[in-house]
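Enquirer: Sequence plus predicted model, see below.
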Amino acid sequence: MPSDYKFKVGDIVRRKKRCVTGQWSYGNMLCKIRSLSPSGLEFKLNNCGHAWWVATSFELVTESQEKDYGPGPHLAADAVVICRYHILLVTRKDGKFALPGGFVNPGESTNQTAIRECKEETGLDIRKYVSNIDTEGLGRGYVFDSPKRDPRGHIVTIAHHFPFEEYWNEFPLPKVKGADDVTAANWYRLNELHMYRENFFVDHYEIIGRVLYECLI
């Protein structure tokens, strides 16, 4: 961040030092600036439904790091949907390609999360295309648990593979459309993914490679 940068309403900032005041303990949390005091030294921040007037040091963070997930580990799930040598990918708001996916809700299995997130983000209902989805081998999950795999925090993801084998002769490919928190959803040829390798979100390119490798052996 430039030394002469002036914070403005809407900026996402991180508290640089840990502070304890009364019952509140805060530090290393991400917040969006809601308003600025006339002195420019105090920020009214809204985080987790609460608001504070604070005067301390902050650093600007990128929009892709808006959410503060804490130390974790946290559990997520991704859907690896493959049909006729194509894979279903979404485009995030930061322009990165990613597998449809998200965090596991209370009471969900990771398989259910992957199916739900795929429908929310692409409009594709996996259950309409894959029969006996809960049968062993269908929707098989692969664990990716490196603490450093995601810059947002320690996020463990389970990548579930959903092969649309019953629809290999269907034309065209199932319709998809970006929704929820993504800007687009499309089918991409597997043999062309290498061209986009540098534009994948975190380790999703490696996840796809691992799933394809496991399918071939």
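Expert: Arrived safely.

Enquirer: and P147, what pLDDT?
Expert: Note on P147: pLDDT of 90.

Enquirer: ignore the last one, R140
Expert: In this model, R140 carries a pLDDT of 76.

Enquirer: The residue nearest to it when sequence neighbours are not counted bridge partners, please.
Expert: Excluding its sequence neighbours, the residue lying closest to R140 (Cβ to Cβ, 6 or more residues apart in numbering) is H161, at 5.2 Å. From N, CA and C alone the C-beta is placed, and that goes for glycine too. The partner list for H161 in beta bridges (DSSP bridges) reads V80, R140.

Enquirer: Tell me how the chain divides into domains.
Expert: What automatic domain parsing lists as the domains of the chain is 12-65, 74-216.

Enquirer: mean pLDDT for those: which is lowest?
Expert: The minimum mean pLDDT among the domains of the chain belongs to domain 12-65 (a mean of 56).

Enquirer: so how far is I155 from the nearest residue to R149 once chain neighbours are set aside?
Expert: Nearest residue to R149 in three dimensions, chain neighbours excluded: D203, at 5.0 Å (Cβ to Cβ, 6+ apart). Plainly put, D203 is 11 Å away from I155 if you go by Cβ to Cβ, to the nearest Å.

Enquirer: again with R92
Expert: Per Cβ to Cβ, R92 is found 15 Å from I155.

Enquirer: Neighbour count for the two, which is higher?
Expert: Neighbour tally, R92 and I155, criterion other Cβ atoms under 10 Å: the higher count belongs to I155, 20 against 17.

Enquirer: hang on, that one packs against G72?
Expert: Yes. Between I155 and G72 a contact is recorded at 6.2 Å, counting by Cβ atoms under 8 Å.

Enquirer: Was I right to think G178 contacts V90?
Expert: Yes. Under the criterion of Cβ under 8 Å, G178 makes contact with V90 at 6.1 Å.

Enquirer: Perfect, I'm done here.
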